[in-house]
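Visitor: From the sequence below, what's the structure:
(one chain, ligands or ions: 1)
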Amino acid sequence: MVYNPKMRIIAGTSNPALSNKISKFLKKPLTKTNIKTFADGEIYVKIEEDVRGDDVFIIQSTVSNDSIMELLIIIDAVKRASARKIIVVLPYYGYARQDRKADARESITAKLVANLITTAGADRVLGMDIHAPQIQGFFDIVFDDIWAFPIFVDYFKRKKLTNLVVVSPDSGGIKRAVFLGKRLKSPVALIDKRREKHNQVAEMNIVGEVKGKNAIIYDDIIDTGGTICKAASALKAAGARKIYLCCTHPVLSGDALSKLNASDAVEVLVTDTIPLKPIGKVKILSLSSLIGQAMKNLYENKSISILKKEIDKSVWKKWIKKD
Ligand code: R5P
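Guide: Residues are numbered from 1 along each chain as shown. Purely as a prediction, here's the structure:
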C-alpha cells in the first residue's frame, strides 16, 4: 500500500498575516493550535488536530527570543504528535547576523539557534534571504534558502526606471546587489561601511559611479536604519538622483521607521517576512506566493532551485499581482 502523507501548515504567532496569505495561496487551512502564555511567561502549545504521519510545515519568523522558544515548543509538540516530517519555514531567521567570532569570547548565535531547531526535532528548514549563505551549513539538516530579489526586479521593471545603479550598502551584500543589478541590466556600486560599535555606522565610502544616476540601495535587513539611511545620504552627497531603498527583512528597531521616512529616499520597499504596517514612504511587497510555492515543491519532492531560475516567467508576475 502506498502511503500519501497530508500537507499540514502550522503558524507560530510571530507573523499571522503572512501565514494566512501562504495558507490562502496553497488553498490549505492552517492546522488548529492552542498557543498561549502562562502567568509566569512560559509558553504552552497544543496541536488541536491529528497530524500523525503527516508532513508538517511550521511557519515562524524568529523575530524575538519568545518566538524562538515558541518555535522550539511547536516542533516538540508536532514531533510528539508523530508527524512524518517537520519542515520549519523561517521567513526571517533572527540571530543570523552573529555568524562568526568577530572578537574574543563571543558566541556564534547563528549556529546556536540552528542547533536548537535541529535538536528540537526539525527535519528540514526553508529560509528566505538568509544573512550569509554559509549559515546553511550551520544546520546538520537540509537548509533551503530562497531569494526575495525577483519581487524587487518585478517592481522596478514596472516602474521603467532608466539610468540605474544598484548599490550594496556594505561588502557582505555585494552578491545580492549583483543579482538584482544583472536582472535590471544595471551597473553595481558598493559602499565600504565601517562600524566602531554595534548598531552604529562610523564611516562610508562609495566605490563606483553614482553621479546623475537613479540608485537602488539593496540590503537584506534594515534594523536601526543607520546603514541604509546613511548610505542614502552618502549617495545624495555624491550626486545621485532618485534614491530607492529596499530590503527583505524590515526588523525596524527603535525609531527606524521615522528615520526611513525622513531619509533622502523617495521610496522604501520591504517584504512581509516581519509584520509591519506601511507608513509614508514605506511599501510592503508580499513573499507569500514565493514561500508558498517553495513549500508546495518541497511537499511534492520537486526542485526548489527551479524557483530561482524561472523568475522572469509570466507565472511569477501572476503571483505577484495576486499578492
Ligand atoms: C549587516 O550586515 C546587514 O546586512 C544590515 O546592513 C544591517 O543589519 C543593518 O543594520 P542597521 O539598519 O541597524 O544599520
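Visitor: confidence score at the residue of the stretch 51-200 of the chain at minimum distance from the ligand?
Guide: Of all residues in the stretch 51-200 of the chain, Gly172 sits closest to the ligand, at 4.8 Å by Cβ to the nearest ligand atom. C-beta coordinates here come from the backbone N, C-alpha and C atoms, glycine included. Gly172 is assigned a pLDDT of 88 by the prediction.
Visitor: Need the three-state assignment for it.
Guide: Under DSSP: H, G, I helix; E, B strand; the rest coil, the three-state class of Gly172 is helix.
Visitor: same question, Gly137
Guide: helix.
Visitor: hmm, back to that, which residue, neighbours along the chain excluded, lies closest to the residue of the stretch 51-200 of the chain closest to the ligand?
Guide: Nearest residue to Gly172, sequence neighbours excluded (Cβ to Cβ, 6 or more residues apart in numbering): Ala132, at 6.8 Å.
Visitor: Can you check what pLDDT the model gives the nearest residue to Lys211 once chain neighbours are set aside?
Guide: Closest residue to Lys211 apart from its sequence neighbours, by Cβ to Cβ, 6+ apart: Gly239 at 3.7 Å. As predicted, Gly239 sits at a pLDDT of 96.
Visitor: Please apply the same query to Lys193.
Guide: 79.
Visitor: isn't there a strand covering it?
Guide: Yes - remark: Lys193 belongs to a strand, assigned using three-state DSSP.
Visitor: Would you check how far apart the nearest residue to it once chain neighbours are set aside and Asn115 are?
Guide: Nearest residue to Lys193, sequence neighbours excluded (Cβ to Cβ, 6+ apart): Asp170, at 4.1 Å. Counting by Cβ to Cβ, to the nearest Å, the separation of Asp170 from Asn115 is 27 Å.
Visitor: And the two? Which one has more around it.
Guide: The neighbour comparison of Asp170 against Asn115 (other Cβ atoms under 10 Å) goes to Asp170, with 19 against 12.
Visitor: List the residues that contact that one.
Guide: Contacts for Asp170 (Cβ atoms under 8 Å, 6 or more residues apart in numbering) come out as 191-193, 219, 227.
Visitor: Keep only those that also lie close to the ligand.
Guide: Filtering the contacts of Asp170 for proximity to the ligand by Cβ under 6 Å from any ligand atom leaves 219, 227.
Visitor: So what are the sheet partners of the helix or strand encompassing Val125 and their directions?
Guide: Using DSSP states H and E, Val125 sits in strand 124-128. Paired with strand 124-128 in the same sheet, following DSSP bridges, are strand 85-90 (parallel), strand 142-146 (parallel).
Visitor: Need the residues that contact the shortest one.
Guide: With contacts defined as Cβ under 8 Å, 6+ apart, strand 142-146 is touched by 124-130, 133, 135-137, 290-291, 294, 298, 304, 307-308.
Visitor: Let me see the ranges of the strands in this structure.
Guide: Using DSSP state E, the strands of the chain run over 7-11, 33-37, 43-47, 55-59, 85-90, 124-128, 142-146, 164-168, 188-197, 200-207, 214-222, 243-250, 267-271, 282-285.
Visitor: The fifth one to strand 7-11, inter-axis angle?
Guide: The one in question is strand 85-90. On the basis of axes from the mean of the first three to the mean of the last three Cα atoms, to 10 degrees, strand 85-90 is oriented at 40 degrees to strand 7-11.
Visitor: what does strand 85-90 rub up against?
Guide: 5, 55-62, 71, 75, 78-79, 117, 121-128, 291, 295, 298.
Visitor: Would you mind measuring from Gly225 to Asp219?
Guide: 10 Å.
Visitor: Between the two, which has more neighbouring residues?
Guide: For Gly225 and Asp219, the more surrounded residue by other Cβ under 10 Å is Gly225, and the numbers stand at 26 against 22.
Visitor: Is the more buried one in contact with Val251, as I believe?
Guide: No - checked against Cβ atoms under 8 Å, the pair Gly225 and Val251 is beyond contact range at 9.4 Å.
Visitor: Name the nearest residue to Ile146, sequence neighbours excluded.
Guide: Nearest non-adjacent residue to Ile146, counting by Cβ to Cβ, 6+ apart: Ala294, 5.1 Å away.
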